[in-house]
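1. Please find the sequence and the predicted model below.
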Amino acid sequence: MGQLQSILSMDSTFEKVKQLREQYKGRVVILGVDDLDLFKGISLKFLAMGQLLEQHPELQGKAVLIQITNPARSTGSDVQQVEDETNSAADEINRKYGRSGYEPIVYIKCPVTLEEKAAYFCLAECVIVNAVRDGLNMVPYMYTVCRQGGPVTDEALGVNGDPTPRRSMIIVSEFIGCSPSLSGAIRVNPWDVDCVTEALNSAITISDSEKQMRHEKHYKYISSHDVSYWARSFDQDLERACKEHYSKRFWGMGFGHGFRVIALGPSFKKLTFDHLVSAYLRTSNRLILLDYDGTLLPKASINKKPNDQVLSILDRLSNDPNNIVFIASGRGKDSLGDWFSSCEKLGLSAEHGYFMRWSKDSSWETCGLTMDFEWKKIAAPVMEQYTEATDGSYVETKETALVWHHQEADPQFGSFQAKELLDHLESVLANEPVVVKRGQYIVEVKPQGINKGIAAENLMAAMRGRGISPDFLLCIGDDRSDEDMFESIAGLLSNPSVPPIKEVFACTVGQKPSMAKYYLEDTAQVLMLLEGVTAVATSPLPKPDQV
Ligand SMILES: O=P(O)(O)OC[C@H]1O[C@H](O[C@H]2O[C@H](CO)[C@@H](O)[C@H](O)[C@H]2O)[C@H](O)[C@@H](O)[C@@H]1O
């Protein structure tokens, strides 16, 4: 920013701004500054400019798109093709809408110095970055700084001493890095030429006060988030990440783009059969909480119903009079009730604990909170919008929650959209009594005060209310919603006012950072362990292989 500001005070910049001001007097200048490559969407931009002039004849003779294109950084037939395509798009529009003294697209292909670019930025009413893919892209930031200007450029533009706030307009592709940071920009899908055309028209016709407001927002952000800000915040993140560096173990996980290094606490260990069973056999008031998806059911299963092995294990476990066994799931009560109907003594906690029943014979109870579901009217249309834009995604409506699923969408695009949807929902639902959470391939909106952790605490309190004080707790889950259970359990263990539980096993599925102390690798290991426990409990010998 400092470098740009010093350029803005140079004599050569002054001269260039003055010259451009004269040259484009009476015109509305829209500016593009891009490298020449496949991804910058320059010809799409030209098409939109042509369409703008077609749809708004009043802008013919007035609107000018100045496109500065830095020379290509590579050679090859693809680059040549892009060059030919952009040239002919510009020629055609200029032929159709140009006239003597007016060229709607001024296509500058020779090298342009930073001083000259700064002068173009100072002059332009709007900058457009229409790339179909890009990194951060600094053009909008440079443009904003130049439009803020300084005494030299103000004089060149003839606005020195003018107290009117500065104004600028940015049209930015939603596919580039700087897009989320420019809250006042008009965001476009560069492939959607109609939408880019509309954006150009809005950028020109929007009121001056609106342009000033957007400019002020951008300038405030850009001037406070400079290189030293980013360096400081990166340094702080690094320090935070490295704080417990020496006490952690590091693992490389995944392949290709999915590769990541994870740091695990020193006490995070595999749950062994021997350890669990010896505690199991020493206790007699056991509470067992099992998540369903990703814990008893493999993530990739097509058939979501529990298989015979799962039902048999749960039936045996829950028939032990010393056990209280609960499925703690985010799923709805009707499917859980239906799927586990053969396990008569099994307890079910559905929709993250909003609904609960102790056994097949008991009726469903709700958590007792009075709920208002008006927020669904806000969340549903937003989710529908993302469903429309994301092939393979869909919305699930539960009694208390709405869930956007993207497991069947393109993996990269799906998670990109999920992240955006999460931000979007968080902002539109900021004043509603809900939380927006991500899970495995889902974004879920559910009521505040409902989560599996609270459900687990309520369950333990209810047990104590029935005169049963658990001396063994096994809790297994794989997902973020299960972390709430692990967190509650950790909280209970450190709370002196809660009677201590002798044996506690909080266990996540898959090695990953977790509030759980133990892990098992996958659902197969979970089932093997539970199968082993039920076998030992009924007949201590022979002992199954160690998991
Ligand atoms: O608490 P859980 O038992 O782990 O349940 C959490 C969610 O389960 C369901 O979603 C899961 O299955 C979907 C396919 O049926 C899959 O697309 C998704 O990725 C899984 O998370 C259920 O549909 C959700 O409502 C639950 O919250």
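-> Now that the structure is in, tell me what you want to look at. Only a predicted model underlies this, so the values are computations on that prediction, with no experimental measurement involved.
2. Closest residue of the chain to the ligand?
-> Closest residue of the chain to the ligand, Cβ to the nearest ligand atom: residue 330 (2.6 Å). For the C-beta atoms, the positions are set from N, CA and C on the backbone; glycine is no exception.
3. For residue 404, see how far away residue 385 is.
-> Applying Cβ to Cβ, to the nearest Å, the value for residue 385 to residue 404 is 10 Å.
4. Then residue 466?
-> Residue 466 is 39 Å from residue 404, by Cβ to Cβ.
5. Residue 287 against residue 457, yeah?
-> No. At 11.6 Å, residue 287 and residue 457 do not qualify as touching, with contact defined as Cβ atoms under 8 Å.
6. circling back: of residue 385 and residue 404, who's got more company?
-> residue 404 (28 against 12; other Cβ atoms under 10 Å).
7. Enumerate every residue touching the more buried one.
-> Residue 404 makes contact with 383, 386, 387, 393, 394, 395, 396, 418, 421, 442, 443, 444, according to Cβ atoms under 8 Å, 6 or more residues apart in numbering.
8. go with 10 Å
-> 379, 382-384, 386-387, 390, 393-396, 414, 417-418, 421-422, 425, 436, 438, 441-445 (Cβ atoms under 10 Å, 6 or more residues apart in numbering).
9. Quick check: next helix or strand after whichever helix or strand it is part of?
-> Per DSSP states H and E: residue 404 is located in strand 402-405. Next along the chain after strand 402-405, taking DSSP H and E as the criterion, comes helix 411-428.
10. what's in contact with that next one?
-> Outside helix 411-428, the residues that reach it (Cβ under 10 Å, 6+ apart) are 174-175, 180, 257-258, 375, 378-379, 381-383, 385-387, 389-393, 402, 404-410, 432, 434-439, 441-445.
11. one more time with 8 Å, if that's ok
-> Applying Cβ under 8 Å, 6+ apart, the contact partners of helix 411-428 are 257, 378-379, 382-383, 386, 389-390, 392-393, 404, 406-407, 409, 436, 438, 441-443, 445.
12. quick one: average pLDDT of it?
-> Per-residue pLDDT over helix 411-428 has a mean of 94.
13. same deal with stretch 175-195?
-> Rounded mean pLDDT across stretch 175-195 is 94.
14. Okay, buried residues for it please.
-> 175-176, 178-179, 182, 184-190, 193 (16 or more other Cβ atoms under 10 Å).
15. And for stretch 242-249?
-> residue 248.
16. Could you tell me the end-to-end distance of that stretch?
-> 12 Å (Cα to Cα, to the nearest Å).
17. Run through who's touching it.
-> By Cβ under 8 Å, 6+ apart, stretch 242-249 touches 263, 264, 265, 266, 268.
18. top of those by neighbour count?
-> residue 268 (18 neighbours).
19. Please give me every residue in contact with that residue.
-> Residue 268 touches 249, 511, 514, 516, 517, 518, 519, counting by Cβ under 8 Å, 6+ apart.
20. Now render those residues as CSV, adding secondary structure.
-> Output for these, formatted as CSV (DSSP: H, G, I helix; E, B strand; the rest coil):
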residue, secondary structure
249, strand
511, coil
514, coil
516, coil
517, coil
518, strand
519, strand
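21. Same list, the residues you listed, but only the ones touching the ligand.
-> Counting by Cβ under 6 Å from any ligand atom, nothing from the contacts of residue 268 sits close to the ligand.
22. Spell out which parts of the chain neighbour the ligand.
-> 291-294, 304, 329-331, 396, 398, 403, 405, 407, 439-442, 444, 479, 481.
23. So which of those residues belong to helices?
-> The helices, defined by DSSP state H, take in residue 481 from those.
24. now the residues of the chain next to the ligand: which count as buried?
-> Among the residues of the chain next to the ligand, those classed as buried by 16+ other Cβ under 10 Å are 291-294, 329-331, 398, 403, 405, 439, 441-442, 444, 479, 481.
25. okay, residue 287 and residue 457: which has more neighbours?
-> It is residue 287, of residue 287 and residue 457, that has more neighbours when counted by other Cβ under 10 Å, with 22 against 19.
26. Tell me, how many residues neighbour the closest residue to that one other than its chain neighbours?
-> Using Cβ to Cβ, 6 or more residues apart in numbering and skipping residues adjacent in sequence, the residue nearest residue 287 is residue 470, 4.4 Å away. By the criterion of other Cβ under 10 Å, residue 470 has 21 neighbours.
27. The residue nearest to the spatial centre of the chain and residue 413: what is the separation?
-> The centroid of the chain falls nearest to residue 419 when counting by Cα atoms, centre = their mean (1.5 Å). Separation of residue 419 from residue 413 (Cβ to Cβ): 11 Å.
28. With residue 439 instead?
-> For residue 439, the distance to residue 413 - Cβ to Cβ - is 18 Å.
29. got it, and residue 275?
-> Remark: distance between residue 275 and residue 413 (Cβ to Cβ) = 43 Å.
30. Would you give the sheet partners of the strand holding residue 404, along with the direction of each?
-> Paired neighbours of strand 402-405 in the sheet (DSSP bridges): strand 394-397 (antiparallel), strand 442-447 (antiparallel).
31. Straight-line length of stretch 252-269, end to end?
-> End-to-end distance of stretch 252-269 (Cα to Cα): 17 Å.
32. Tell me the buried residues in it?
-> For stretch 252-269, burial by neighbour count (16+ other Cβ under 10 Å) applies to 264, 268.
33. Check stretch 368-376 too.
-> Buried residues in stretch 368-376, counted by 16+ other Cβ under 10 Å: 371, 375, 376.
34. where does the protein have low pLDDT?
-> Within the chain, the segments meeting pLDDT under 70 span 538-547.
35. Pipe the contacts of stretch 242-249 into CSV and attach secondary structure per row.
-> CSV is the format used below for these (three-state DSSP):
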residue, secondary structure
263, strand
264, strand
265, coil
266, coil
268, coil
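36. List only those of the contacts of residue 404 flagged as buried.
-> Counted by 16+ other Cβ under 10 Å, these give 379, 382-383, 386-387, 390, 393, 395, 414, 417-418, 421-422, 425, 436, 438, 441-445 as buried.
37. and the spatially closest residue to residue 36 that is not a sequence neighbour, helix, strand or coil?
-> Leaving aside its sequence neighbours, residue 36 sits nearest to residue 72 (Cβ to Cβ, 6+ apart; 4.2 Å). Classification of residue 72 by three-state DSSP places it in coil.
38. What strand or helix carries residue 52?
-> helix 42-55.
39. Tell me the helices and strands packed up against that helix.
-> The helices and strands touching helix 42-55, judged by 3 or more Cβ pairs under 8 Å, 6 or more residues apart in numbering; DSSP states H and E, are strand 28-35, strand 63-70, helix 77-97, helix 193-205.
40. Can you add distance to residue 144 and give the ones you listed back as TSV?
-> TSV is the format used below for the helices and strands packed on helix 42-55 (distance: least, Cβ to Cβ, whole Å):
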stretch	distance to residue 144
strand 28-35	12
strand 63-70	17
helix 77-97	26
helix 193-205	14
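41. Among these, which comes closest to residue 319?
-> helix 193-205 (61.2 Å; Cβ to Cβ).
42. List the buried residues for that closest one?
-> For helix 193-205, the neighbour count (16+ other Cβ under 10 Å) marks 193, 196, 197, 198, 199, 200, 201, 203, 204 as buried.
43. Now do it: which elements does it pack against?
-> strand 28-35, helix 42-55, strand 126-129, strand 169-173, strand 186-188.
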